[in-house]
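A.B. asks: A structural model of the following input is requested.
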Amino acid sequence: MPQRESDKVHREIEEILDKLDNFVPEERLVSKIRSKRRASSEPGVLGRAWSRIGRLTLGHVMLLGLALLVVATVFRGPLGAFSGPLLILGLLLSVGAFVLSFVNRDSRRTIAGGGGTEKRWRGQVIDYDEPSPASKLRDWFRRRRR
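C.D. replies: Residues are numbered from 1 along each chain as shown. Got it, this is the predicted structure:
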């Protein structure tokens, strides 16, 4: 009888080892989510363009406005009638970015409204601050748009 039981144990061990050789580990949850997100949300031309524009900070916009002001002033002759609208656009961009930087009080604020990173702990957003009047107004406009 001991021989039969040792054969039985030996067969079970062989079966387990065979299963281990053929075992394919399941994909991790994080990589599943990432692959689904990539497959389902391949951005088009407009989506890629907006994602690049959305990463611009208010500092970038202010520098662009100042550069437009300088170009329109220095090259007033060659630009002709186009220099006037270019001056106005540069002035609007510079002043608008400057004002928004004071209203938002966040130097990392982007054009698309992404702002800084959220504070998280164990997957939950941690936010101890009261929303500012500007962010309340912005959230109100976003809710009305939807």
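
A.B. asks: shaky segments in this protein?
C.D. replies: Along the chain, the parts satisfying pLDDT under 70 run over 1-5, 23-30, 32-33, 35-43, 104-118, 122, 127-129, 146.

A.B. asks: in it, which spans are helices?
C.D. replies: Assigned by DSSP state H, the chain shows helices spanning 2-22, 29-40, 45-54, 58-74, 76-79, 83-104, 133-145.

A.B. asks: from Phe102, how far off is the closest residue to Asp139 other than its chain neighbours?
C.D. replies: Excluding the flanking residues, the one nearest Asp139 by C-beta to C-beta, 6 or more residues apart in numbering is Pro131, at 7.3 Å. Bear in mind the C-beta positions are built from the backbone N, C-alpha and C, glycine included. For Pro131, the distance to Phe102 equals 17 Å [C-beta to C-beta, to the nearest Å].

A.B. asks: with Ile88 instead?
C.D. replies: 22 Å.

A.B. asks: more crowded one of these two?
C.D. replies: The residue with more neighbours, out of Ile88 and Phe102, is Ile88; 13 against 9, by other C-beta atoms under 10 Å.

A.B. asks: now that one: how far from Phe98?
C.D. replies: 16 Å.

A.B. asks: before we move on, what about Gly77?
C.D. replies: 29 Å.

A.B. asks: neighbour count winner among the two?
C.D. replies: Phe98 (13 against 7).

A.B. asks: now do the contacts for the more buried one.
C.D. replies: Residues near Phe98 by C-beta atoms under 8 Å, 6 or more residues apart in numbering: Met62.

A.B. asks: likewise Leu89?
C.D. replies: Contacts of Leu89 by C-beta under 8 Å, 6+ apart are 65, 68.
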